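In: Build me a model from this:
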Amino acid sequence: MSDSQGLIDKRKLRLKRIRAGLTQPQLAELANLHPSHISYMERGFRGTSPKTLNVLAGIFGCDITDLMPDEKPERSRRAKAA
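Out: Take a look at the predicted model:
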């Protein structure tokens, strides 16, 4: 997974789209993306750029962090040593 794929949480994107009452093609049109790009992002096969992340957040009326993965807690030193 590249860094750009880590910018967006596929589950959060899909949930925001569904709650907004949008189909993938409708969201793609609003975001000026190809519909397959939305599908790939929702399935975790493609990430997105910071610019596109901002566009999507604007469409949903949310902060970009609402579309990003939650930070994972750092593993303890003992777990890392094992």
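
In: so what's the closest residue in space to Asp70 that isn't next to it in sequence up against?
Out: Excluding its sequence neighbours, the residue lying closest to Asp70 (CB to CB, 6 or more residues apart in numbering) is Asp9, at 7.5 Å. All C-beta atoms are positioned from the backbone trio N, CA, C, and that covers glycine. Residues counted as contacts of Asp9 (CB atoms under 8 Å, 6 or more residues apart in numbering) are 67-70.

In: which one of these is nearest His37?
Out: Distance to His37 across the contacts of Asp9 (CB to CB) is lowest for Leu67, with 14.6 Å.

In: Strands of this protein, residue ranges please.
Out: Using DSSP state E, the chain contains no strands.

In: tell me which helix or strand of it sits lowest on mean pLDDT?
Out: helix 77-81 (a mean of 54; mean pLDDT, DSSP states H and E).

In: quick one: low-confidence ranges for this protein?
Out: Along the chain, the model assigns pLDDT under 70 to residues 1-6, 73-82.

In: again, 80 this time
Out: Low-confidence segments of the chain (pLDDT under 80): 1-6, 71-82.
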